[in-house]
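>>> Mind looking at a prediction? Sequence and model below.
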Amino acid sequence: MTALLIRDLRLAVRAGGGFGLGLAFFLIVVVLVPFAVGPAMGLLERIAPGVLWIGALLACLLSLDRIFALDREDGSLDLLAVSPLPLEGVVAVKALAHWLTTGLPLVAVAPVLGLLLSLPGKGVIWLVVSLLAGTPALSVIGTFGAALTVGLKRGGLLLSLLVLPLYVPTLIFGAEVARAGATGLDTATPLVLLAAVTCVAVALLPFASAAVLRMNLR
Amino acid sequence: MSLKIVDLGVARGGVPVLEGVNFAVAPGEAVVLTGPNGVGKTTLLRTIAGLQPPYDGKIVVPDVEAMTYAGHADGIKAALSVAENLMFWARVHGQRDISGTLEDFALTDLASRPAGQLSAGQKRRLGLARLRVTGRTIWLLDEPTVSLDKGSVDLFGQVVRRHLAGGGLAVIASHIDMGLDVRVIDLTPYRARAKVARGYDEVFL
């Protein structure tokens, strides 16, 4: 398992690995939004949590189709399926590697980008908390979508269409935590719900993804 | 460790391609599967490896974990070096030592080269080297000698011979003589009747 995690992380940071793609996209979205909506301080402050969450979600979506497609193309996926590793474990490790190379960097740069959108100080903290609690769900759900579309050439469009509706609860509760935090409201309820969505996704989806992968390998 | 195929029927994309396949492989023995393109050699090997379920019959093997499969694709990452690629598969299978395997496949000098820069034959050698580091006894090989030169075929023949001498067994789909003493099974008589019947229908219509 650790060998697989190390390999995936190594592949992500080497040339052509796609590490930084999501990060760059997130950066571009957040930098461009103030130009598009104008420099009105109050307006930017109000939409900042939502913009940051949508940026993070779309950045996450960008790198999903790489999770299994590359391994399928070069035959690694077949070989992993006949290896001693349980396929559920393979899926979980792949989701973890995706989160470490996409979700975690997004969480790390979010405070800086929050400042760009004039998000108030305590809002930044809640934004980071909400992203930390929500992005693992994005990776796990995305891995499930990637497993569903692994046999398809150019399955990116179908993958996005399948995954986006499943992202909606995370987006709603995540943005709500950040918004409530920024305006000084109670964040407990949306945060608990956000964490619940993440926990359920992390607990159940690896099994579903492994089952789907087995079917797609036939 | 032995492998027994009993009345096995395999399907590709829902269409039966082979049925009633029966053979047994004893320790130290290698079986070569032949037959025209599309007869179902790859499908049969993938079914035995457990990558897809049989639609009929069964595969009797003492331990499913004893099998390993080498298909048309080598499972090599271009961005990783030769040693990193091999080390990954070794660690997945709980092994740590790859130096002997690198030597057996004449890859020692290439160990630090990115796998993306290897020639097709060298990539194939690296893909086959994975078999050694899995430490498994039943090798299912699908056209293992594709893009190998004469010297590399001999090299691989030696590796297989040593594997067999150590009590291992191999099922190989290949048309090339690797200098092994093997039993050849022609799959043509096992073609699924359903397919033939459908063929007649098409002619009839």
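Received, thanks. Remember, it's a predicted structure, so these values are computed and weren't measured experimentally.
>>> list the contacts for residue A:89?
For residue A:89, the contacting residues are A:1, A:206, by CB atoms under 8 Å, 6 or more residues apart in numbering or on different chains. For the C-beta atoms, the positions are set from N, CA and C on the backbone; glycine is no exception.
>>> Now name the helix or strand holding it.
Assigned by DSSP states H and E, residue A:89 belongs to helix A:87-98.
>>> Helix or strand next in line after that helix, which one?
Once helix A:87-98 ends, the next helix or strand along the chain (criterion: DSSP H and E) is helix A:104-116.
>>> hmm, who's touching that next one?
A:19-20, A:22-23, A:26-27, A:30-31, A:34, A:48, A:52, A:55-56, A:59-60, A:123-124, A:127-128, A:131-132, A:135.
>>> Report the buried residues of that helix.
Using 16 or more other CB atoms under 10 Å in any protein chain shown as the test for burial, helix A:104-116 gives A:105-107, A:110, A:113-114.
>>> Could you give the average pLDDT over the helix holding residue A:89?
Averaging pLDDT along helix A:87-98 gives 95.
>>> Work out the gap between it and the centre of the chain.
14 Å (CA atoms, centre = their mean, to the nearest Å).
>>> Name the residues of chain B found near chain A, please.
B:46, B:49-53, B:65, B:67-69, B:71-77, B:79-80, B:84, B:87-89, B:91-94, B:130, B:134 (CB under 8 Å from any CB of the partner chain).
>>> Which among these count as buried?
With burial judged by 16+ other CB under 10 Å, the buried subset of those is B:46, B:49-52, B:67-69, B:71, B:73-77, B:79-80, B:84, B:87-89, B:91-93, B:130, B:134.
>>> Narrow those residues to those in strands?
Mapping those onto strands (DSSP state E) picks out B:67-69.
>>> hang on, the earlier thing: can you tell me which of the buried ones among the residues of chain B next to chain A are in helices?
If you go by DSSP state H, those have B:46, B:49, B:84, B:87-89, B:91-92, B:130, B:134 in helices.
>>> Let's have the residues you listed in TSV, adding pLDDT and distance to residue B:117.
TSV is the format used below for those (pLDDT from 0 to 100; distance: CB to CB, whole Å):
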residue	pLDDT	distance to residue B:117
B:46	92	30
B:49	91	30
B:84	92	13
B:87	92	18
B:88	93	18
B:89	92	19
B:91	91	23
B:92	91	24
B:130	92	19
B:134	90	25
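>>> Let me know the closest of the residues you listed to chain A.
Nearest to chain A among those: residue B:91, at 3.6 Å, using CB to the nearest CB.
>>> Pretty sure the closest one sits against residue A:3.
Yes: the pair residue B:91 and residue A:3 qualifies as a contact (CB atoms under 8 Å) at a distance of 3.6 Å.
>>> for chain B, what are the low-confidence residue spans?
Applying pLDDT under 70 to chain B flags residues B:194-205.
>>> what do you get if the cut-off is 50, keeping everything else the same?
Residues of chain B that meet the criterion pLDDT under 50 lie in B:196-205.
>>> Thanks a lot, catch you later.
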